[in-house]
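>>> here is my input, please return the structure:
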Amino acid sequence: PSLSLPSLRIFLAVASRHKLAVRNLDIRTAYLYGQVDADIHLEIPEGFEPETEQEEAIMKDEAVCRLNKGLYGLKQSALLWNRTLVKALLKMGFRQMQSDPCIFTMHRKGRMLILAVYVDDMLVAREDDDDLNHVLEQLKKDFTIEDIGEVKQCLGIEVEKDAVGNFCICQTGYIERMMEKFKLHASKSARTPLQKQLKTDGSPPVDPSSYRSMIGAILYVAVATRPDVSFATSMLSEASMEPTEAHFAACQRLIKFLFNTRHYKISFHQHQRGIEGFADASHENRKDGKSTSGYFVSIAGGPVIWGSHKQKVVASSTALAETIALSQLGHDIVFVKQLVGEMGFTLGRKQPQQNPTMDFVHMTPIAKVFEDCNPAIRMNENAGLTKASKTVRLAFHNVRELIRDKVITLVKVGSEKQPADILTKALSKKATLAHSQRIFKTSQL
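Next up is the predicted model:
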């Protein structure tokens, strides 16, 4: 397993909320520490010089070597290494999270440590440097550790920290390199991710491989730090098999928009408490009559999970389309609340909980979910059968359950103040700027 991007953002949000410093560590030649648990043989490598008569005799018999430790390129090396690392961390006193097995926590002298693992890279969030020195001392008993310093970059994401300890993430350098890779020039006219009326009918086809290369580069930005381009990326990705010149031009325009807004950063703030959710839907805006869901979950003032997806079923009304979006958001809110609670934090109190209960979802305050559709709010807050609710599939009734169990509460918000709108359709320049300001807490464009 590898640390997911949502878990990384949650990790940094919690670190910001509770004023934890984050250190970046690297384990050298990590795969070589894994112990092989099966019979694997390989030919004696070229250049091996026998030093004894016994070795010479073995060489003449065309013998093979039995592998005892993992090697780079071996199919199971990553798993063997992960098992070795987990065993070492548990021995040190860390507790592995069930919500995300790549995050570990430990209490030491009444202080909290959080450790996030991505293959051979580790991030250690701590309150005191003495705890970091203890972790380094213990890890060096089993591995060769490189202390890179306070985190500046992780998984291609730039991590910054202000004077008061708030973290923010962006991909400015990645976007600039993307412009150079595809030999594009800046254009001030690219003020929105996607044109409101993208006409592709009759446009001649283009080379799919170059188009997919551009989509792939954009996709990492969309899933890592830029929820505002999720809808545009999703729409353009649908043309990956048979792209046209119109799609190619729209893709280039999207990269230029990212370049113009490369200073946008997701910021996490200490004074922001609790968990917030935003959900919206654009009814029947796809060619096959299906709708688009757009939503994101925010911790410490910054989005940590988001999505822009074509709904799998046809929604018969706007209220049903909004309910489907709320259902998808609900699953992510439960995950966030479980992970944060399991880590031992409440997001509503200054100090972490040292002995978290098993009911991790209810350790954090009720999540406020902002919704702009009154019929959808009424349908989910009231359990009675209505004409509209007859068409709601059972899979989407989890919203009512989450409200009943006080996991979430729905809050009405005006459509013009619903930032999730940018994840459901192409908007005007004015609306794009307004929603970007709410998501990234910036007034620049």
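>>> just the CA trace of the helix or strand bottoming out on mean pLDDT in the chain, in CSV.
Lowest on mean pLDDT, DSSP states H and E among the helices and strands of the chain sits helix 53-60, with a mean of 76. This file holds the C-alpha atoms of helix 53-60, laid out as CSV (Å, rounded to 0.1, in the frame of the first residue of the first chain):
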residue,chain,number,x,y,z
GLU,A,53,37.8,-23.7,-4.6
GLN,A,54,34.3,-24.6,-3.5
GLU,A,55,32.9,-21.6,-5.3
GLU,A,56,34.8,-22.5,-8.4
ALA,A,57,33.3,-26.0,-8.3
ILE,A,58,29.9,-24.6,-7.9
MET,A,59,30.4,-22.3,-10.9
LYS,A,60,31.4,-25.2,-13.1
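>>> next helix or strand past the longest helix belonging to the chain?
Across the chain, the longest stretch assigned as helix under DSSP state H is helix 318-343. Remark: after helix 318-343, the chain's next helix or strand is strand 367-371, criterion DSSP states H and E.
>>> before we move on, the earlier item: what mean pLDDT does the longest helix of the chain have?
Across helix 318-343, the average pLDDT comes to 93.
>>> and it, how far from the chain's centre?
Averaging C-alpha positions (Cα atoms, centre = their mean, to the nearest Å) puts helix 318-343 15 Å from its chain's average.
>>> try stretch 173-185
That offset, for stretch 173-185, works out to 23 Å (Cα atoms, centre = their mean).
>>> buried ones in it?
Tyr174, Ile175, Met178, Met179, Leu184 (16 or more other Cβ atoms under 10 Å). Where C-beta positions appear, they are placed from N, C-alpha and C, glycine not excepted.
>>> ok so the fourth one is a helix residue?
Okay, so that is Met179. Yes - under DSSP: H, G, I helix; E, B strand; the rest coil, Met179 sits within a helix.
>>> next, the nearest residue to it once chain neighbours are set aside: secondary structure please.
In space, not counting the residues next to it along the chain, Met179 is nearest to Phe259; the distance is 5.2 Å by Cβ to Cβ, 6 or more residues apart in numbering. Look at Phe259: counting by three-state DSSP, its state is helix.
>>> just Ile377 next, same as before
Classified using three-state DSSP, Ile377 is helix.
>>> quick check: closest non-adjacent residue to it.
Going by Cβ to Cβ, 6+ apart, Ile377 has Leu410 as its nearest residue, at 5.0 Å.
>>> report the beta-bridge partners for the one you found.
Val369 (DSSP bridges).
>>> my guess is it contacts Met379. True?
No - at 10.3 Å, Leu410 and Met379 do not qualify as touching, with contact defined as Cβ atoms under 8 Å.
>>> pLDDT value on Asp162, please?
For Asp162, the predicted pLDDT is 88.
>>> give me the neighbour count for the residue nearest to it when sequence neighbours are not counted.
Residue nearest to Asp162 in three dimensions, not counting chain neighbours: Cys168, with 7.5 Å by Cβ to Cβ, 6+ apart. When neighbours are defined as other Cβ atoms under 10 Å, Cys168 has 21 of them.
>>> try Glu49
Neighbours around Glu49, by other Cβ under 10 Å: 7.
>>> state the distance from it to Val64.
17 Å (Cβ to Cβ, to the nearest Å).
>>> just Gly302 next, same as before
From Gly302 to Val64 the distance is 54 Å (Cβ to Cβ).
>>> quick one, which of these two is more surrounded?
Legend: neighbour count by other Cβ under 10 Å for Gly302 and Val64, higher for Gly302 (24 against 11).
>>> partner residues bridging that one?
Gly302 has these beta-bridge partners by DSSP bridges: Ile299.
>>> isn't it up against Ala13?
Yes - the pair Gly302 / Ala13 is scored as a contact, 6.1 Å apart, by Cβ under 8 Å.
>>> please enumerate the shared neighbours of those two.
Phe268 (Cβ atoms under 8 Å, 6 or more residues apart in numbering).
>>> show the pLDDT at the residue nearest to Asp162.
For Cys168, the model assigns a pLDDT of 95.
>>> quick check, nearest of the buried residues of stretch 173-185 to Met59?
Nearest to Met59 among the buried residues of stretch 173-185, counting by Cβ to Cβ, is Tyr174 at 49.6 Å.
>>> grab the nearest non-local neighbour of the closest one.
Gly156 (5.8 Å).
>>> who are the neighbours in contact with that neighbour?
Contacts of Gly156 (Cβ under 8 Å, 6+ apart): Gln171, Tyr174, Tyr220, Ala224.
>>> weed out the non-buried ones from those residues.
Gln171, Tyr174, Tyr220, Ala224.
>>> hmm, Cys154 and the last one touching each other?
No - when contacts are counted by Cβ under 8 Å, Ala224 is not listed as touching Cys154 (10.2 Å).
>>> which residues do the two both contact?
With Cβ under 8 Å, 6+ apart, Ala224 and Cys154 have no common neighbours.
>>> any chance of JSON lines for the buried ones among the contacts of Gly156, columns secondary structure, distance to Gly73 and pLDDT?
Shown next, in JSON lines, are the buried ones among the contacts of Gly156 (DSSP: H, G, I helix; E, B strand; the rest coil; distance: Cβ to Cβ, whole Å; pLDDT from 0 to 100):
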{"residue": "Gln171", "secondary structure": "coil", "distance to Gly73": "30", "pLDDT": "97"}
{"residue": "Tyr174", "secondary structure": "helix", "distance to Gly73": "27", "pLDDT": "96"}
{"residue": "Tyr220", "secondary structure": "helix", "distance to Gly73": "25", "pLDDT": "97"}
{"residue": "Ala224", "secondary structure": "helix", "distance to Gly73": "28", "pLDDT": "97"}
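>>> ok, these vs Lys429, which is closest?
Nearest to Lys429 among the buried ones among the contacts of Gly156, with distances taken as Cβ to Cβ, is Gln171, at 22.5 Å.
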